[in-house]
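Engineer: Curious how this folds, go ahead:
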Amino acid sequence: MNHFMTMKCFQFHNGEKKEDSKTPRPTSAQSSFTDREVKQSGSEFNSQTASDASSESRGRNQFPSFSERPSNLKVFTVSELKQATKNFNRTAKLGEGGFGCVYKGNIKSPEDPATKIDVAIKQLGRRGLQGHKEWVTEVNVLGVVEHPNLVKLLGYCAEDDERGIQRLLIYEYMPNGSVEDHLSIKSVTPLSWAMRLRIALDAACGLAYLHEEMDFQIIFRDFKSSNILLDDQWSAKLSDFGLARLGPPEGLTHVSTAVVGTMGYAAPEYIQTGRLTSKSDVWSYGVFLYELITGRRPLDRNRPKGEQKLLEWVKPYLSDSKKFQQILDPRLEGKQIAKSAHKLSLIANRCMARLPKTRPKMSEVREMVNQVFAAYTGTGNPQSPLKSKEEKKMSEELEGKGKRRLADLKIGDGGWFIRVWSSKLVKTC
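Structural biologist: Below you'll find the model as predicted:
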C-alpha cells in the first residue's frame, strides 16, 4: 500500500502575488541543518499575505510564532535512520511519489527505549526550495499540534552526508494505508458503509480541530483521500501538511496565496482568486464525502467522458432517491445503506455551497456527520459534553421541532436543492 502518497498536485497563479521565500536554498556546502535553522525556517509557514474584504495587505508579524512553541520532536541522525531501514533497502519501501520515498522502519520507542516500534520514514527527494518549504511546514505544523485524528510526527532529520542534505520525517506507522487505497476498485478490502461513516467522522474531527480548536487556525489546503491514513484500529488520521497555511488573523477574511492543491478537490473560488479560507477545506471535505458514497475518484481520466468529473457526474442523480442509488458504490448494498448515503450526500451539498460563507463550519459538519453515523450504527454518546452556542443553534435548526423542512440552499453551480432532516445531535469527539 502507498502510505503517505499524494495524487498529482497543481500549482498556478491568477494574478496573485507569489509567496515570498525567506528560507535560503540549502546547498551541500552547509555542513548541517540544525534544529535552530528548522525553527528559523518556520517563518515560511507564516510568510503569507492576510487580506480583508478589500484585499489590503496587513503585517505578517500578526501570526503566531511557531518557533517559540514547545515541540516534542526528536532529532534523528541519518545513521539512525539507515539502521532503522536497513540502509533504505528496497524491501522496506512503502511507496514513492513526487516528494521522494517512504520507508518502513523500526526504531526505539521514544516513550520506552527498551521496546521497538514501527515507523514510516519519508525521505524527501531533491525538489529544491519548494520541497524544502513543504518539509519545514510539516515539521512546524505537526510539531505543535496534537489530536487523535492527526498523524503523529515523531521526529525529523536534516543533515549532510555523502549524497548532500538529507531531509527526512519520521511518523507513526499507519499499517492500513490510505482511504484512497481502500476505495480503489483494485482493493481486496473494500470499506464497509459503517467504516466509511466512521472515517468521515474522524476526518471531520481532525479538520474541526485545525480550524477551530486552537488559539490559531490552520488551513489544510490539500485535503483528499490519499492524505487520510488508517491505523491498526482503522481510525482515520489526516496526514501530509506540507501545503498547510495559517488562517487569517482576527478581523481579516482570507489569506491570499499561490494556488496549490489537487485537481478535483480545490474549491472553485480559491482556484479563481487565490483567496484561501477554512471554507476551502470544507469544500474539499464535501468532495471527499461523494468519494466515500460512490467509490470513485474526483477526477478519473480512465472513465467515459461524461463520468470523468465526479461532481458533474452525480448531479443528475441527486434530485430523487431512486436515481440516487445509481451512483452508490456497487460494493455497497442494502436499503439502509442507500438511505444513510443519501443523508451524507445532503451534508456534502452543504459543504459545497457556491458561496463560501454559506458553507457550515467543520464543527457543524462534524455534528451532522455524527447524526448519520449514530442513526446507521445505532450508537451514540448520551453523556456528550455541552454544545457551544453555535452548535446548539444548529441543533435547533436541524431538529426543526421534529418536523422535516426543505432548506432553500442552492448548492454549487448546478443549483441543487437539499433537504435537511431532524435528528438528535450526539458529540463523539
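Engineer: which residues in the chain form helices?
Structural biologist: All helices of the chain, identified by DSSP state H, fall at 35-40, 43-46, 78-84, 128-142, 179-183, 193-212, 268-273, 278-294, 310-314, 321-324, 335-351, 362-377, 389-399.
Engineer: so which of those helices gets nearest Y103?
Structural biologist: Proximity to Y103 (Cβ to Cβ) singles out helix 78-84 among the helices of the chain, at 8.2 Å. Heads up, the C-betas are built off the backbone N, CA and C, glycines and all.
Engineer: Quick one: mean pLDDT for that closest one?
Structural biologist: Helix 78-84 carries an average pLDDT of 93.
Engineer: and the residue nearest to R167 when sequence neighbours are not counted, bridged to which residues?
Structural biologist: Leaving aside its sequence neighbours, R167 sits nearest to L124 (Cβ to Cβ, 6 or more residues apart in numbering; 4.3 Å). Beta-bridge partners for L124, by DSSP bridges, are G100.
Engineer: looking at the helices of the chain, which is closest to W234?
Structural biologist: Closest to W234 of the helices of the chain, according to Cβ to Cβ: helix 193-212, at 6.3 Å.
Engineer: for the closest one, which positions count as buried?
Structural biologist: Buried residues in helix 193-212, counted by 16 or more other Cβ atoms under 10 Å: 193, 195-212.
Engineer: follow-up on the earlier one: mind putting the helices of the chain in CSV, distance to F223 included?
Structural biologist: Output for the helices of the chain, formatted as CSV (distance: least, Cβ to Cβ, whole Å):
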stretch, distance to F223
helix 35-40, 25
helix 43-46, 17
helix 78-84, 29
helix 128-142, 14
helix 179-183, 11
helix 193-212, 7
helix 268-273, 12
helix 278-294, 4
helix 310-314, 15
helix 321-324, 24
helix 335-351, 11
helix 362-377, 10
helix 389-399, 22
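Engineer: can you tell which of these is closest to L238?
Structural biologist: Closest among these, using Cβ to Cβ: helix 193-212, at 4.3 Å.
Engineer: who does the closest one touch, helix- and strand-wise?
Structural biologist: Contacts defined by 3 or more Cβ pairs under 8 Å, 6 or more residues apart in numbering; DSSP states H and E place helix 193-212 against strand 218-219, strand 228-230, strand 236-238, helix 278-294, helix 335-351, helix 362-377.
Engineer: Throw these into TSV and include mean pLDDT and mean neighbour count, thanks.
Structural biologist: Formatted as TSV, the helices and strands packed on helix 193-212 follow (pLDDT from 0 to 100; neighbours: other Cβ atoms under 10 Å):
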stretch	mean pLDDT	mean neighbour count
strand 218-219	94	24
strand 228-230	97	25
strand 236-238	98	25
helix 278-294	98	25
helix 335-351	96	20
helix 362-377	97	22
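Engineer: Look up the pLDDT of the residue nearest to R167 for me, please.
Structural biologist: pLDDT, L124: 84.
Engineer: So what's the residue count around it?
Structural biologist: If you count neighbours by other Cβ atoms under 10 Å, L124 ends up with 20.
Engineer: looking at the helices and strands packed on helix 193-212, which is closest to K186?
Structural biologist: Of these, nearest to K186 by Cβ to Cβ is helix 278-294, at 15.5 Å.
Engineer: In contact with A208, which residues are there?
Structural biologist: Contact analysis of A208 by Cβ atoms under 8 Å, 6 or more residues apart in numbering lists K361, M362, S363, V365, R366, C429.
Engineer: For these, please prepare a markdown table with the additional fields distance to T294.
Structural biologist: Shown next, in a markdown table, are the contacts of A208 (distance: Cβ to Cβ, whole Å):
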| residue | distance to T294 |
| --- | --- |
| K361 | 25 |
| M362 | 22 |
| S363 | 26 |
| V365 | 19 |
| R366 | 22 |
| C429 | 25 |
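Engineer: and of those residues, the nearest to I218?
Structural biologist: Taking Cβ to Cβ as the measure, M362 is the one of the contacts of A208 closest to I218, at 11.5 Å.
Engineer: Isn't the closest one up against A204?
Structural biologist: Yes: counting by Cβ atoms under 8 Å, M362 touches A204, with 6.0 Å between them.
Engineer: Name the residues contacting each of these two.
Structural biologist: Joint contacts of M362 and A204 (Cβ under 8 Å, 6+ apart) are Y285.
Engineer: what residue ranges in the stretch 1-150 of the chain are flagged as low confidence?
Structural biologist: Where the stretch 1-150 of the chain drops to pLDDT under 70, the residues are 1-71, 97-98, 126-130.
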